[in-house]
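In: no sequence for this one, just the structure:
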């Protein structure tokens, strides 16, 4: 794909995910101009950080001017607000807009109600990689490498935008996984949102003075406990029905284990089933 198709990328929201993507985009011979649009406090910190040769711009129309790719990498509600704003900018033509949110159905439904300028398209996506610490300061190279990156199957991209997506896939070294938005949200409730809540519950249950005495077992299970509620409150709000289903399923299995332990029966079958999942890692 000719490099000239991607000359400028704008991030609407420059936190951990945006920062990790930026590091990968800046690596290599092909020169791409990166611009960040975010809150003044974030842009001020970014401007002082020499690890990121990124242009900071507090004005959205100025930030996205001439962009080939726009990445909505803020919390869900901010992504929705920015997507609405982008749909009203008639000069934003021939641009690929993607988001990186953990829930896909709400923003897909919103985008179906919006009209974008000529050849500009919105593609819901979600990278299956992250860290428990937020902020671009905690970014790292190759965070997404070999990880699954979900892409909504309902959007048929133009030739140019498909080529831009292909360029991004190569730069980030990701594994694109095409999926329906509703199926994605069901899967995330089971394999991402449920583990987060289990870790959070466990972290709240164990006394802090005991954590210092713990071995690697508890420490590994508590890794997600450091995730910020400011991020997860929106995820829970947007995927509430599916998360409730997963929690109820977990509660039923937990009650089953309690019953087995109480009756002094064997947990061998459950341990064997769990070991099969572990081997898949």
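Out: That came through, no problem. All figures in this text were calculated on a predicted structure; none of them were measured in a lab.

In: measure how buried residue 211 is and give me the count.
Out: In terms of burial, residue 211 registers 13 neighbours under the definition other Cβ atoms under 10 Å. Glycine gets a C-beta too; all of them are placed from N, C-alpha and C.

In: same check on the one 10 residues further on?
Out: Residues near residue 221, counting by other Cβ under 10 Å, number 16.

In: retrieve the pLDDT associated with it.
Out: Predicted confidence (pLDDT) at residue 221: the value is 92.

In: which outside residues touch stretch 240-259?
Out: The set of residues external to stretch 240-259 that reach it, using Cβ atoms under 8 Å, 6 or more residues apart in numbering, is 185-186, 188-190, 193-194, 197-198, 236, 267, 270.

In: which other helices and strands contact the longest strand along the chain?
Out: Ordering each strand of the chain by length in residues (DSSP state E) puts strand 121-127 first. With contacts defined as 3 or more Cβ pairs under 8 Å, 6 or more residues apart in numbering; DSSP states H and E, strand 121-127 has these neighbours: strand 96-99, helix 105-111, strand 148-152, helix 159-172, helix 181-188.

In: kindly recompute the last result at 6 Å.
Out: In terms of contacts (3 or more Cβ pairs under 6 Å, 6 or more residues apart in numbering; DSSP states H and E), strand 121-127 is packed against strand 96-99, helix 105-111, strand 148-152.

In: export those to CSV and tack on distance to residue 51 and mean pLDDT?
Out: Written out in CSV, the entries for the helices and strands packed on strand 121-127 read as follows (distance: least, Cβ to Cβ, whole Å; pLDDT from 0 to 100):
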stretch, distance to residue 51, mean pLDDT
strand 96-99, 24, 98
helix 105-111, 30, 98
strand 148-152, 24, 98
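
In: rewinding a little: pLDDT of the longest strand of the chain, averaged?
Out: This predicted structure assigns strand 121-127 an average pLDDT of 98.

In: please, where are all the strands along the stretch 1-150 of the chain?
Out: Counting by DSSP state E, counting those that start in this stretch, the segments of the stretch 1-150 of the chain that form strands are 8-12, 33-37, 55-56, 69-72, 96-99, 121-127, 148-152.

In: and residue 260, which of those is closest to it?
Out: Comparing the strands of the stretch 1-150 of the chain against residue 260 with Cβ to Cβ, the closest turns out to be strand 148-152 (33.9 Å).

In: mind listing what's buried along the closest one?
Out: Along strand 148-152, these residues count as buried under the neighbour rule (16 or more other Cβ atoms under 10 Å): 149-152.

In: distance of the closest residue to residue 161 other than its chain neighbours from residue 83?
Out: In this structure, residue 161 finds its nearest non-sequential neighbour in residue 96, 4.2 Å apart by Cβ to Cβ, 6 or more residues apart in numbering. Here the distance between residue 96 and residue 83 works out to 13 Å (Cβ to Cβ, to the nearest Å).

In: thinking again about what came up before, nearest to residue 160, of the strands of the stretch 1-150 of the chain?
Out: Of the strands of the stretch 1-150 of the chain, nearest to residue 160 by Cβ to Cβ is strand 96-99, at 8.0 Å.

In: which strands border the closest one, and is each parallel or antiparallel?
Out: strand 69-72 (parallel), strand 121-127 (parallel) (DSSP bridges).

In: just name the most buried of those strands.
Out: Between those, strand 69-72 has the highest mean count of neighbours, a mean of 26, where neighbours are mean count of other Cβ atoms under 10 Å.

In: so what touches that strand?
Out: With Cβ atoms under 6 Å, 6 or more residues apart in numbering as the test, strand 69-72 has contacts from 9-12, 64, 79, 82, 96-99, 164.

In: and these, which of them are buried?
Out: Neighbour-count burial (16+ other Cβ under 10 Å) applied to these gives 9-12, 64, 79, 82, 96-99, 164.

In: about what we covered before: now tabulate the strands paired with strand 96-99 in a markdown table and tack on distance to residue 25.
Out: Written out in a markdown table, the entries for the strands paired with strand 96-99 read as follows (distance: least, Cβ to Cβ, whole Å):
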| stretch | distance to residue 25 |
| --- | --- |
| strand 69-72 | 9 |
| strand 121-127 | 14 |
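
In: residue 92: which of the ones you listed is closest?
Out: Distances from residue 92 to each of these were compared using Cβ to Cβ; the minimum, 8.0 Å, belongs to strand 69-72.
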